[in-house]
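>>> One predicted model, sequence on top.
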There are 4 protein chains.
Amino acid sequence: MTDFTPIPTSWVGPIRISGNAVTDEVTVPLATYESPLWPSVGRGARISRQVEGGIQVTVVDERMTRSILLRADDAATAVAASRTITDRIDDLRMVVEAQSRFAKLIDVDTEVVGSLLFVRFAFSTGDASGHNMATAAAESLIEAILAFSPELEYGSISGNWCSDKKATAVNGILGRGRSVVADILIPRDLVETGLRTTPERLEALNTGKNLVGSTIAGALRSANAHYANMLLGFYLATGQDAANIVEGSQGITYVEAREAGVYFSCTMPNLIVGTVGNGKGGGLPVVEDALQRIGCRSGGEPGADARRLAALIGATVLCGELSLLAAQTNPGELMATHRVLERGERRTA
Amino acid sequence: MTDFTPIPTSWVGPIRISGNAVTDEVTVPLATYESPLWPSVGRGARISRQVEGGIQVTVVDERMTRSILLRADDAATAVAASRTITDRIDDLRMVVEAQSRFAKLIDVDTEVVGSLLFVRFAFSTGDASGHNMATAAAESLIEAILAFSPELEYGSISGNWCSDKKATAVNGILGRGRSVVADILIPRDLVETGLRTTPERLEALNTGKNLVGSTIAGALRSANAHYANMLLGFYLATGQDAANIVEGSQGITYVEAREAGVYFSCTMPNLIVGTVGNGKGGGLPVVEDALQRIGCRSGGEPGADARRLAALIGATVLCGELSLLAAQTNPGELMATHRVLERGERRTA
Amino acid sequence: MTDFTPIPTSWVGPIRISGNAVTDEVTVPLATYESPLWPSVGRGARISRQVEGGIQVTVVDERMTRSILLRADDAATAVAASRTITDRIDDLRMVVEAQSRFAKLIDVDTEVVGSLLFVRFAFSTGDASGHNMATAAAESLIEAILAFSPELEYGSISGNWCSDKKATAVNGILGRGRSVVADILIPRDLVETGLRTTPERLEALNTGKNLVGSTIAGALRSANAHYANMLLGFYLATGQDAANIVEGSQGITYVEAREAGVYFSCTMPNLIVGTVGNGKGGGLPVVEDALQRIGCRSGGEPGADARRLAALIGATVLCGELSLLAAQTNPGELMATHRVLERGERRTA
Amino acid sequence: MTDFTPIPTSWVGPIRISGNAVTDEVTVPLATYESPLWPSVGRGARISRQVEGGIQVTVVDERMTRSILLRADDAATAVAASRTITDRIDDLRMVVEAQSRFAKLIDVDTEVVGSLLFVRFAFSTGDASGHNMATAAAESLIEAILAFSPELEYGSISGNWCSDKKATAVNGILGRGRSVVADILIPRDLVETGLRTTPERLEALNTGKNLVGSTIAGALRSANAHYANMLLGFYLATGQDAANIVEGSQGITYVEAREAGVYFSCTMPNLIVGTVGNGKGGGLPVVEDALQRIGCRSGGEPGADARRLAALIGATVLCGELSLLAAQTNPGELMATHRVLERGERRTA
C-alpha cells in the first residue's frame, strides 16, 4: 500500500520571462523542506518584473541518452564493430521507430576501452524526459546490433556512459536533457535598491566563489552556488524524477559588471525534465494541477510543453542564484535573513 | 500560504543490518515518483534476511563543513594569515562553542589562490545534518578572524570549497557528512536463486560498467549505478534536505567474486543527513512518524540517532544497487521488470 | 645562443607489434632521467616477442583541435551565432583549405555559457601533431566568423576548451590527437614465468589500484599506473612537444583474467604526436635519426608515418605498464628491482 | 649503452624575484623543442625587472606522498585497521626514521572502499623530490603494518591515491610536492607599454578562458593557459622527473584589474622537484651546471635548495603565463609572433 510524504510547497512569482520557449509572467511551484528558498526565489522574481523582457531564457538543445556495454574478444574486434554500428545508423533509426511512437534516434557515439565497446545513443523523446523510452529503445538496439555483429556479447543495458544521476563530464559535453541558458541585464540602480549590492561586487563574488572556489573544490563542469536547491523544489512540484538534480546541478553562473548594470547568467546543460510520463498524468492530481497552472498542458507540437517547462526552470534557477549571491556579497546578511525567516515560519506555523 | 506536494511513499523491508551503529531488522520508507524502486530495494532486503548478520554497515566518520572566502592584497599576506588561523584553532574552537550548544569545531583547512584565502571549517553537529549550525558558526568565525587579522577583507560566507550540493572532489577527500560503508557476503547459491546471476557476472558488470564506464564518462569520485535514487527516496521520507543527494550520489560500488559467493559493497562518504533540524520536528507529522518508526528517536547520546539513520540509508542503498546490478547482468531483464511493474501500477491505480 | 640539455636515451626492444598501422618488430628509443624505465619496458617487449602477433595496436581516430572564444551581448545572440557557424561549416572548410595545404576542418562543436560563445574546431593535420596548423587555421576562422557574424567580438584565439596540455575531460570525449588501443592476450604460463605473477593477481591489482584507487584520488578519465613515464621518454626521443603528456597520461588500463591467460590492454585516446613539424626535420639530427630508425620516414600517404608513430607509442606504453603492474603484485619487488638497477647504474657510470 | 637526446636549451632572464625562498635576480634555463617559449618567458622576465620586488613567490608547503593498498575481508575490518594505523603514527614515524636519513613521516590519511584499505603517507624529503625515498619508506611501512595488523593482506606498494603523474584531485587537496604561489602587481602603464594590453582585458580573458573555458572543458583543479610548457622546460634543464608535469600542470591563474594596475598570480600546488637524487648529481654535468648557475647548490639546511628551485619555477611559470595571456587579448598577435620567431629561427639555424 502506498502512502504519501507531503512536501511543503509554495507558489513563487510571477517571474517575467522571454525567449525562444516562453514569453510570459509565470508563478512557479517549489516543493521543499527548506522554506527560505521561497523568499529567495521571490526576490529574484521581483527583480525580473522590473526589467524589460525580464529573464531571457534560450533553450539550446534537447535529447535523452542511454549507453550500452558490449563485449568483444579484443580491441580490434570492438573497434571494427563500432564502425559497423556507426555506419548502420539508418538501420538503427528504423529499429527505434518501429518500437516507439515518440523516440527518435538522433546520435550515436562509440568508445572502446580494451575489449569493451560502449555505445551511447541519443534520442529525441517529445515531451517526456525519456528515461524509459530510451531504455526500451536501447534494448531493441542491443538485439539489432548483436544480430548483425554476432562477434559481440551483451555486457549491460547501461554502461554508465549515459550518465544517469551521476556526476560526470559527458552529459555536459555530448548533451543530455534540455539545455538552457537564462540571462538578464539588471540596471545598476536596481542592483543597488533591489539587491543591496553592486555589479562589481557580484562579479567579484562570482569569480572568487563560483569559479575559483569551485576549481579548488575539484568541481566538475560545475560553477554555481545552489542550482540544486531550485531544481529539487521545481522537480518535486512538477512530478519529475528529482534524482536527476545530480547532473542538473552541474551548471555555470557567469556574471559581468557592465556600464549599464550587471549581466547575470545561469547555464544549465542538463535539465532532465518532461511533462508526460512517470510521475505525471492523472495519477497525481497535485502534479497535474501544477503542470496546468504553469501552462505546460498546451497540447501543442510534441516537445513544446517540455521546452516551456525547461525554460521556466531556467528562469527560476536564475532567480534563486541571483538572490543568494547578492546576499553573500554582504557580511552577515545570509544568516540574518535565515533567522528572520525561521522566526516568521515558527510564528505562522 | 503553503501547500503540499504528496510524494508516493512505500515502506520496504525489513532489511537485516548489523554493524557499529545498528543491529536490527528495519523496514524503511522511500518517497519517490519512480515506483519500480520499491520492489528493487525489496529484493535486496530479501537477500539481506537470508544472510547471517545481513548487511554490515560501518559508520566511518561524521562532520559538517563550511568554507569561507577572505581577500588579501597578495598571496604572501594570505599565506601568513592562513598560518595565523591554523595556529589559533583553539581560539576559534571557543568562538564556536560560545555561540552554539551543539556545534564543535573539529578541523580547519586553508588554501590560498593568488590573493584569495579559502578557509574550510569542519564541525561535529550532533544529530543535525548541520547546514545552519555550520553557517552560523562560520559567520562568528569570520568576525573573529577579521578581528585578529585586519589585513583581510570579507569575501563570502561560502567559498564553494565546502562544498554544498555540488559535484566536487573535496567532500570525499576531506570529508563532509556521515561516511558509511555497507557490505555483505552473499553465498553463491543465494546469488543464483535470489538474484538470477553469479558472483563472476556481478563482478564483471561492476568492473565494466561502474568502474570503466564511469571513467570514460568523466565521473568524479563516483562509480555506482544509481545511489541517487535510493538517497532521494529516503531523504524525502525522513525530512532531509534532498538537494544533498548531489554529493551523496558520489560513492563507489566494489564487488569481488569469492569462492564463498559474492562480496558486494557500497561506499558512501557523503551522507548529509540528520534527525533534528529543518524539515524534522513537530511541524511535519509524516516525517516525525517516519523517524520514529525507523528508530531514530532514541534520545540517546547526541549523534547516535543520526548515525543510525546514516547506517539505515547505507543498507538501503546497497539493497537497491545490488538488485539493479543483478538485473543488468541479464539481457532484457530490466525492461521486462519495469513493464510488469508498470502494468501492475496501472491496474491498481 | 642555444645550448643543449642531453637526456640519457636507450633503445629498448624489439617490441613485436601487429594491427592496422604497424606489423613489425621495432626497437624504440626512450629519453629519460629515470633509467629503471628501460629494463621495465624491456621486460614487456620480451613478453611481446613470445606471443604470436605480439601486441596488437589499433589506431582508432586522429584529429587536432583548437577552440576559440567569442563574445556576444547575451546568450540568445550567442546561441543564434553558434547555429550560423554550424550551418556554414562548408564555408569554414574552404577558409581552412585556402590557407593550409594539409589542415582540413573535420568537425565543429559549440558551447554557450551566458554571453560567451566557445567554438571548438577539429582538423586532420596529416603527419603533423598540428599545434601550429590548428592555431593558424583558427585565426583565419575567427576572421571569417567575425565577418559574417559582426554581432560577435573577438575573445581569445584559445578558449581552453581545446584543451592543450591540461587535465580535462573534453579531449577524451570529443577527441584530440591520435587515439590508440594496445592489447595482448598472454598465455597463463608466460605470465608466470615471464612476469612472476598470475592473470588473477594482475586483474585484481588493476581493479583495486588503477580503477578504485584512481576513483578515490578523484582522477579524471585516467586509470593507469604510469603512462606518463613511457610517453615522456618516447616524446623526447622523437622530437614531440612533451608537454602534451599531460593529456596523453589520461588513459585506461583494462585487464581480464581469462582461462587462456591474461587479457591486458592500454587505451590512450590523446596521443598528440607527429613526424613532421616543430622539433622534427633537419635541425635536430638525433631526432631525425630516431624517426628513421623506427620507420617513420616512409614518405607514404599523409598520416601513415604519424599513425605508425602513435602505434609504436601505444605498444611501448603497454610494455611499461604491464611490467610495473606485474612487479606491484609482489610485495617488495619494486624497490628490490630499483636497488639492483641503481647499483648497476653506479657501477657502469 | 646509453645515448643522449640533446634538447635545445636557452637561458632566459634575469627574472626579478622576492619572497620567502628567494630574493634575487636569476636567469633560468628552459630545455624545449618549442623555441617560441623563450622570448615569451623573456617578455615576462622583462616586466618583472620593471616592478619593485619583481615577482613575489611564496612557498606554502612541501611533502612527498605514496599510498599503499591493503586488503581485508570486509569493511569493518578495514576501518578498524585504519584506526590502528592512525593511532600508531608514532611507531610508523620511527619505522621511517630507522631506514632513511632524510625522509620523515609527516602525515597519514586513510580511506576505505569496501574491503580495500588505502593508506596515504606524506613525507618530508629534504632537498629531494622524494619518489624513491617515499617508495622505500612505504615498503618498510607495509611490513610494519602487516606485522601489527595480520588480518590485512598486501595489495600494492602504490594504490594510485598517491597520485604520481596522473590527473587527480587529491594532490591539490591533501598536498604533494612543493606548493608555490607567484604573484605581481604590474602598474597600469607598464601593462600597456610592456604587454600591449590593459588590466581589464587581462582579467576578462582570464575569467572567460582560464576559468569558464576550463570549466566547460571538464578541467580538474586546473585553470591556466600553459603551465605545462614552462614546467617541462625547467624540469628537463634541471634534471627533474619531467613526467611530473602532469600534476604540476594543475594550477590556477587568478587575475584582478585594480586601480593601480593588474594583479596577476599563478598558484602551483604540485611542483614535484628537488636538487638531489635521480638525474641530479655528478653523472650529468649539464644538469649539475644548471643547478649551480641558478644557485641551488648552497649546501644550506636541507630543503632550502629545493625551495629555491620551486620558487624559481613559480616565477618562470608566471612569466610565460603572463606573456601568453597578454598576447591572446589581441586578435592575431599569437600567430604573428610565432611566424616572426620561426622565420628568425630558420635564418639563424
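Perfect, I can see it now.
>>> which residues of the stretch 1-150 of chain A fall in strands?
A:3-19, A:24-31, A:55-71, A:104-113, A:116-124 (DSSP state E, counting those that start in this stretch).
>>> now those strands in TSV, with mean neighbour count and distance to chain B?
In short, each C-beta sits where N, CA and C put it, glycine included. Formatted as TSV, the strands of the stretch 1-150 of chain A follow (neighbours: other CB atoms under 10 Å in any protein chain shown; distance: least, CB to the nearest CB, whole Å):
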stretch	mean neighbour count	distance to chain B
strand A:3-19	22	4
strand A:24-31	22	4
strand A:55-71	25	5
strand A:104-113	20	5
strand A:116-124	24	6
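>>> would TSV of those strands with mean pLDDT and distance to residue D:205 be doable?
Output for the strands of the stretch 1-150 of chain A, formatted as TSV (pLDDT from 0 to 100; distance: least, CB to CB, whole Å):
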stretch	mean pLDDT	distance to residue D:205
strand A:3-19	97	29
strand A:24-31	98	37
strand A:55-71	98	24
strand A:104-113	98	32
strand A:116-124	98	34
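>>> okay if I get those as a markdown table plus distance to residue D:29?
Putting those into a markdown table (distance: least, CB to CB, whole Å) gives the following:
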| stretch | distance to residue D:29 |
| --- | --- |
| strand A:3-19 | 56 |
| strand A:24-31 | 60 |
| strand A:55-71 | 48 |
| strand A:104-113 | 40 |
| strand A:116-124 | 45 |
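>>> Of the ones you listed, which is nearest residue B:3?
Nearest to residue B:3 among the strands of the stretch 1-150 of chain A is strand A:3-19 (4.4 Å), distances taken as CB to CB.
>>> partners of that closest one, with directions?
Sheet pairing of strand A:3-19 (DSSP bridges) gives strand A:24-31 (antiparallel), strand A:55-71 (parallel), strand B:3-19 (antiparallel).
>>> List, one by one, the residues from the stretch 201-349 of chain A near chain D.
Taking CB under 8 Å from any CB of the partner chain as the contact definition, the stretch 201-349 of chain A meets chain D at A:207, A:211-212, A:214-216, A:218-223, A:252, A:254.
>>> Give me the pLDDT for residue A:279.
In the prediction, the pLDDT value recorded for residue A:279 is 64.
>>> Can you pull the residues of the stretch 101-250 of chain A lying near chain C?
Going by CB under 8 Å from any CB, the residues of the stretch 101-250 of chain A near chain C are A:112-116, A:169-170, A:173-174, A:181-183, A:185, A:218, A:220-221.
>>> Around residue A:32, how many other residues sit close by?
25 (other CB atoms under 10 Å in any protein chain shown).
>>> Settle this for me: it is touching residue A:229, isn't it.
Yes. Look at residue A:32 against residue A:229 with CB atoms under 8 Å: they come within range, at 7.2 Å.
>>> pLDDT weak spots in the stretch 51-200 of chain A?
Regions of the stretch 51-200 of chain A meeting the criterion pLDDT under 70 are absent.
>>> residue ranges for the helices of it, please.
A:75-87, A:89-99, A:131-148, A:170-174, A:188-195, A:199-205 (DSSP state H, counting those that start in this stretch).
>>> Figure out which of the ones you listed is closest to residue D:123.
Closest among the helices of the stretch 51-200 of chain A, using CB to CB: helix A:170-174, at 36.9 Å.
>>> For the closest one, which helices and strands make contact with it?
strand A:116-124, strand A:261-271, helix C:170-174 (3 or more CB pairs under 8 Å, 6 or more residues apart in numbering or on different chains; DSSP states H and E).
>>> Spatially central residue for chain A, please.
Residue closest to the average C-alpha location in chain A (CA atoms, centre = their mean): residue A:271, at 1.7 Å.
>>> what separates it from residue A:245, distance-wise?
As judged by CB to CB, to the nearest Å, residue A:271 and residue A:245 stand 10 Å apart.
>>> Show me whatever sits in contact with both of these two.
residue A:231 (CB atoms under 8 Å, 6 or more residues apart in numbering or on different chains).
>>> Ignoring the adjacent residues along the chain, who's closest to residue A:327?
residue A:333 (4.6 Å; CB to CB, 6 or more residues apart in numbering or on different chains).
>>> typo on my end, it should be residue A:44
residue A:319 (2.6 Å).
>>> What does that neighbour show for phi and psi?
phi -60, psi -50 (degrees, to the nearest 10).
>>> on that earlier part again, the residue nearest to residue A:327 and residue A:323 touch, don't they?
No. At 10.6 Å, residue A:333 does not count as touching residue A:323 under the criterion of CB under 8 Å.
>>> who has more neighbours, those two?
residue A:323 (24 against 16).
>>> and the helix or strand containing that one, how far from the chain's centre?
Assignment of secondary structure by DSSP states H and E places residue A:323 within helix A:304-328. Computed by CA atoms, centre = their mean, to the nearest Å, the chain-centroid distance of helix A:304-328 equals 10 Å.
>>> My read is that residue A:269 contacts residue A:174, right?
No. Counting by CB under 8 Å, residue A:269 does not reach residue A:174; the two are 10.0 Å apart.
>>> Compare these two (neighbour count), which wins?
residue A:269 (26 against 19).
>>> How much space separates that one from residue A:123?
With CB to CB as the criterion, residue A:269 and residue A:123 are 17 Å apart.
>>> do the same with residue A:70
19 Å.
>>> is residue A:11 in a bridge, and if so with what?
Going by DSSP bridges, residue A:11 forms beta bridges with residue A:29.
>>> just the one 4 residues further on next, same as before
Applying DSSP bridges to residue A:15 yields these beta-bridge partners: residue A:26.
>>> Now do the same contact list for it.
Counted by CB under 8 Å, 6+ apart, residue A:15 has contacts A:25-28, A:44-45, A:48-49, A:54-55, A:312, A:315-316, A:319.
>>> try residue A:9
By CB under 8 Å, 6+ apart, residue A:9 lies in contact with A:29-32, A:236-237, A:286, B:2-5.
>>> now swap in residue A:111 and tell me
Neighbour list for residue A:111: A:117-118, A:120, A:161, B:216 [criterion: CB under 8 Å, 6+ apart].
>>> Equivalent analysis for residue A:77, please.
If a contact means CB under 8 Å, 6+ apart, then residue A:77 has A:115, A:151-152 as its contacts.
>>> Out of these, who's the most crowded?
Neighbour max across the contacts of residue A:77 (other CB under 10 Å) = residue A:115, 24 neighbours.
>>> Stretch A:182-197: end-to-end distance?
In stretch A:182-197, first residue to last residue: 21 Å (CA to CA, to the nearest Å).
>>> so how far is stretch A:99-116 off the chain centroid?
For stretch A:99-116, the distance to the chain centre is 21 Å (CA atoms, centre = their mean).
>>> send the alpha carbons of it over as PDB?
C-alpha atoms of stretch A:99-116 as PDB (Å, rounded to 0.1, in the frame of the first residue of the first chain):
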ATOM      1  CA  GLN A  99       9.100   0.200 -31.300                       C
ATOM      2  CA  SER A 100       8.200   3.700 -30.200                       C
ATOM      3  CA  ARG A 101       5.800   6.400 -31.400                       C
ATOM      4  CA  PHE A 102       7.900   9.200 -29.900                       C
ATOM      5  CA  ALA A 103      11.500   8.200 -29.600                       C
ATOM      6  CA  LYS A 104      13.800   9.100 -32.500                       C
ATOM      7  CA  LEU A 105      17.500   8.200 -32.600                       C
ATOM      8  CA  ILE A 106      19.400  11.400 -33.300                       C
ATOM      9  CA  ASP A 107      23.000  10.500 -32.500                       C
ATOM     10  CA  VAL A 108      25.300   7.500 -31.800                       C
ATOM     11  CA  ASP A 109      28.700   7.800 -30.100                       C
ATOM     12  CA  THR A 110      31.100   4.900 -29.500                       C
ATOM     13  CA  GLU A 111      34.100   4.400 -27.300                       C
ATOM     14  CA  VAL A 112      36.300   1.400 -27.000                       C
ATOM     15  CA  VAL A 113      38.300   0.500 -23.900                       C
ATOM     16  CA  GLY A 114      40.400  -2.600 -24.400                       C
ATOM     17  CA  SER A 115      37.800  -5.300 -25.400                       C
ATOM     18  CA  LEU A 116      34.900  -3.300 -24.100                       C
END
